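structure for the following, please:
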Amino acid sequence: MPDLANHPTVATWAPRMLSVLRIMAGLLFLAHGTQKILGFPPMAGGAALPDAMTLAWVAGVLELGLGALITLGLLTRPASFVAAGEMAVAYFIGHAPRNFYPVLNGGDAAILYCFVFLYLTVAGPGPWSLDALRKRVA
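Below is the predicted model:
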């Protein structure tokens, strides 16, 4: 059986796929923020936007700003760390009280976001990022 971990194609694409993971996670997170703050895409059932300074509004502002930073790969490690914390809080406040099991309480996405963002905190943004560009210029 071939050792794919040491295959040249895998070694070349692994850092790039880290960037792809970061970009996609950031875009999806950003979409949650645009929905809460900008009303796009519209909420299910025509639900109203959260009032300013409420917990849902603060979450939307964080998702909008952190999602943009993560997508661009700018200040990726601190942005990802804060986003992971937000998702942990969201899970324990909004999902865990409903049911013990994440698949039943609707919190599986929050958990997945939390751990993807924790990974990005440690792994960094990958080569396709403004952080990597700033390192090359500096």
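
so which elements touch the helix ranked longest in the chain?
Longest helix of the chain, by residue count under DSSP state H: helix 8-38. Judged by 3 or more C-beta pairs under 8 Å, 6 or more residues apart in numbering; DSSP states H and E, the packing partners of helix 8-38 are helix 55-72, helix 108-123. The way it works is simple: take the backbone N, C-alpha and C, and place the C-beta from them, glycine included.

run a quick neighbour tally on L49.
Residues near L49, counting by other C-beta atoms under 10 Å, number 15.

ramachandran angles for the spatially closest residue to it that is not a sequence neighbour?
In space, and not counting its chain neighbours, L49 is closest to G39: 5.5 Å by C-beta to C-beta, 6 or more residues apart in numbering. Dihedral pair for G39: phi 70, psi 20, per degrees, to the nearest 10.

measure G39 to G46 for me?
Per C-beta to C-beta, to the nearest Å, G39 is found 10 Å from G46.

pull the residues that contact stretch 71-79.
Residues from elsewhere that reach stretch 71-79 (C-beta atoms under 8 Å, 6 or more residues apart in numbering): 19, 22-23, 26-27, 30, 66, 69-70, 120-121, 124-126, 128-132.

just stretch 6-21 next, same as before
Residues outside stretch 6-21 that contact it (C-beta under 8 Å, 6+ apart): 4, 73, 116, 120, 123-129.

now which of those would you call buried?
Among the contacts of stretch 6-21, those classed as buried by 16 or more other C-beta atoms under 10 Å are 73, 116, 120, 124-126, 129.

out of the residues you listed, what pair is the most spread apart?
Comparing every pair within the buried ones among the contacts of stretch 6-21 by C-beta to C-beta identifies V116 and S129 as the most remote, at 15.3 Å.

what average pLDDT does the helix or strand harbouring A83 get?
In this assignment (DSSP states H and E), A83 forms part of helix 76-90. Averaging pLDDT along helix 76-90 yields 98.

helix or strand right after it?
Heading towards the C-terminus - elements assigned by DSSP H and E - helix 76-90 is followed by helix 102-105.
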